[in-house]
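K.L.:
Give me a 3D structure for the following:
(one chain, ligands or ions: 1)
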Amino acid sequence: MFIETPRLVLRPWAERDIEAFALVNADPEVRRYYYPAILTPAETCTMLAECDRHLQTHGFGFVAVERKEDGAFIGGLGLSSTGDEIPGGPHVEIGWILGREHWRKGYAFEAASACLAYAWSTLGLLQVIGYTSSINTPSRALMQRLGMRSDPQEDFLDVTVPEGNPLRPHVLYRIDRPTQAI
Ligand SMILES: CC(C)(COP(=O)(O)OP(=O)(O)OC[C@H]1O[C@@H](n2cnc3c(N)ncnc32)[C@H](O)[C@@H]1OP(=O)(O)O)[C@@H](O)C(=O)NCCC(=O)NCCS
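P.N.:
Residues are numbered from 1 along each chain as shown. Alright, predicted model coming up:
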């Protein structure tokens, strides 16, 4: 899966990304809306192996985001299949994790917009979902900016997060393939 945008390239993970992505996943601010929070380098390695397997199996996945002008590693973004742990599943989910120094530059919107266009035109998907903890304001703002919509009736609890933890309540966003992409 290769996607090019004006400033970025989305591409499969390379060996050189492992250390850079491990640093992103070791940042408590980046991982503040994840439960449990930070990942060890070994956990990042396992995650990337799973991403590679997913890409091989489905032909799409959660991939690396690189800046074109200098080759800088920005983070990870892409599409993943979900099972029935998400209400109404299975779904194809869009997700993102960018290094903190790259936030608020429009990179996530640019990469995610191109990823959705790829989902409609190349993969022929009819719908993509996103979900996050209800208190994840940046991620929710991004989903809204992308035109994704949530229905409070579809709010759900992530049962892997302990009761009483503020990260347990989750919101589900959906976006349908626009008619002009058909
Ligand atoms: C969510 C995330 C990917 C956003 O990346 P980004 O590159 O900063 O986002 P963009 O600059 O493309 O902004 C997209 C929209 O989201 C809004 N947004 C981004 N960060 C925001 C914040 N901290 N608070 C409010 N809105 C925010 C922007 O204002 C923009 O909307 P606008 O164009 O109407 O202003 C980034 O904050 C991140 O990696 N967070 C940690 C990982 C994470 O929580 N992932 C999701 C777990 S489910």
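
K.L.:
quick one: pLDDT of the residue lying closest to L126 once chain neighbours are set aside?
P.N.:
Leaving out its chain neighbours, the residue that sits closest to L126 by C-beta to C-beta, 6 or more residues apart in numbering is R177, at 5.2 Å. Glycine gets a C-beta too; all of them are placed from N, C-alpha and C. At R177, the model reports a pLDDT of 97.

K.L.:
How about Q180?
P.N.:
According to the model, Q180 carries a pLDDT of 76.

K.L.:
Let me see the ranges of the helices in this protein.
P.N.:
Under the criterion DSSP state H, the chain carries helices at the ranges 17-25, 41-58, 107-121, 137-145.

K.L.:
Buried ones in the longest one, by neighbour count?
P.N.:
So the one you mean is helix 41-58. By neighbour count, and taking 16 or more other C-beta atoms under 10 Å as the criterion, the buried residues in helix 41-58 are 44, 47-48, 51, 54-55.

K.L.:
Ok, stretch 120-139 next?
P.N.:
Buried residues in stretch 120-139, counting neighbours by 16+ other C-beta under 10 Å, are found at 120, 123, 125, 128-134, 136, 139.

K.L.:
Nice, that's everything, thank you.
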